[in-house]
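*Asks:* the sequence isn't on hand, but the structure is:
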């Protein structure tokens, strides 16, 4: 008998890979961490392979997990296309939206819940990743809408905001300035390093992480300063220090696919309204 792999298990598996942790994935697929762990255990039982190896707090794919990931993405894409095809004219979706981590807190709890309330029949798939990765997925038609960061003059800019320094003032007085940054590629990381080097200041990376929550914790703990927009720490003032050089501005962009169904079009409209208000 052939083994059937439920799409909800595959979707949870892909979410863990895309977000980098059980916690972030649970928010994306709207299940608890314990339920998510059980789903992955069930998936491993079905394929009779270990899919993840835990190294500290990080989950890394095994060779079997890497093989399954590509198939899982293709299965989900075909599944979602099939649902959309047979439910033409209805809010069935899913509307597939990708966003950078800076937008996730606001959009996941605000925009997506609002969309779900207005259109309870619609399905949503949300992915949190870096702008470059999201735009690549949009080009491959694996996402309908992308919210990310780009240069201020980008043609898809919705709004433009200044970058600012964040962290403890005492760190800016050090001869070698400690930086807390996200992993490459990262527009803010590049801007911070370029600004310090242009100003002739020495720096070193003390914290490097793929996760924005970890970056916030590191800055809050005084491990380094960082460069973000006002979305980074909404209840904290930016760091102003005479030694720290000025930073460039950055655009919040919204890109969408060429052919959006009714659900995706409505989600794109709400996304634009939300970003304009940030």
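*Replies:* Received it, and whenever you're ready, just let me know what you need. None of these values were measured; they are calculated from a predicted model. Residues are numbered from 1 along each chain as shown.
*Asks:* contacting residues for residue 10?
*Replies:* Listed by C-beta atoms under 8 Å, 6 or more residues apart in numbering, the contact set of residue 10 reads 43, 72, 75, 76. In this view, the C-beta of every residue, glycine as well, is placed from N, C-alpha and C.
*Asks:* and residue 105, what element?
*Replies:* According to DSSP states H and E, residue 105 maps onto helix 101-106.
*Asks:* now the helix or strand that comes right after that helix: how far from the chain's centre is it?
*Replies:* Toward the C-terminus, helix 101-106 is succeeded by helix 112-118 as the next helix or strand (DSSP H and E). Centroid displacement of helix 112-118 relative to its chain, using C-alpha atoms, centre = their mean, to the nearest Å, is 19 Å.
*Asks:* got it, and stretch 64-77?
*Replies:* Centroid separation for stretch 64-77 versus its chain: 19 Å, with C-alpha atoms, centre = their mean.
*Asks:* wait, which of the contacts of residue 10 is closest to residue 2?
*Replies:* Using C-beta to C-beta, residue 75 is the member of the contacts of residue 10 that lies nearest residue 2, at 13.7 Å.
*Asks:* how near is the closest residue in space to that closest one that isn't next to it in sequence to residue 140?
*Replies:* Of all residues beyond its chain neighbours, the one nearest residue 75 is residue 10 (5.9 Å), with distances taken as C-beta to C-beta, 6 or more residues apart in numbering. Per C-beta to C-beta, to the nearest Å, residue 10 is found 18 Å from residue 140.
*Asks:* and what of residue 177?
*Replies:* For residue 177, the distance to residue 140 - C-beta to C-beta - is 39 Å.
*Asks:* compare those two (neighbour count), which wins?
*Replies:* Each of residue 177 and residue 140 has its neighbours counted (other C-beta atoms under 10 Å); residue 177 has more, 23 against 10.
*Asks:* now the stretch 151-278 of the chain, which segments are flagged as low pLDDT?
*Replies:* 234-235, 278 (pLDDT under 70).
*Asks:* let's see that with 90 instead.
*Replies:* 159, 161, 183-185, 209-214, 216, 220, 229-242, 256-278 (pLDDT under 90).
*Asks:* all helices in it, in order from the N-terminus.
*Replies:* Assigned by DSSP state H, counting those that start in this stretch, the helices in the stretch 151-278 of the chain fall at 187-198, 212-220, 262-276.
*Asks:* what packs against the longest one?
*Replies:* Spelled out, it's helix 262-276. strand 95-99, helix 112-118, strand 145-150, strand 157-162, strand 249-256 (3 or more C-beta pairs under 8 Å, 6 or more residues apart in numbering; DSSP states H and E).
*Asks:* how about it: buried residues?
*Replies:* Residues 262, 263, 264, 266, 267, 268, 270, 271, 272, 274, 275 are the ones in helix 262-276 that count as buried (16 or more other C-beta atoms under 10 Å).
*Asks:* and the gap between residue 231 and residue 216?
*Replies:* 11 Å.
*Asks:* hmm, back to that, where does confidence bottom out across the contacts of residue 10?
*Replies:* On pLDDT alone, residue 76 ranks lowest of the contacts of residue 10, at 88.
*Asks:* the helix or strand it falls within to helix 262-276, inter-axis angle?
*Replies:* Using DSSP H and E, residue 76 sits within helix 63-86. Here the directions of helix 63-86 and helix 262-276 differ by 110 degrees (axes from the mean of the first three to the mean of the last three C-alpha atoms, to 10 degrees).
*Asks:* I appreciate the help and will end here.
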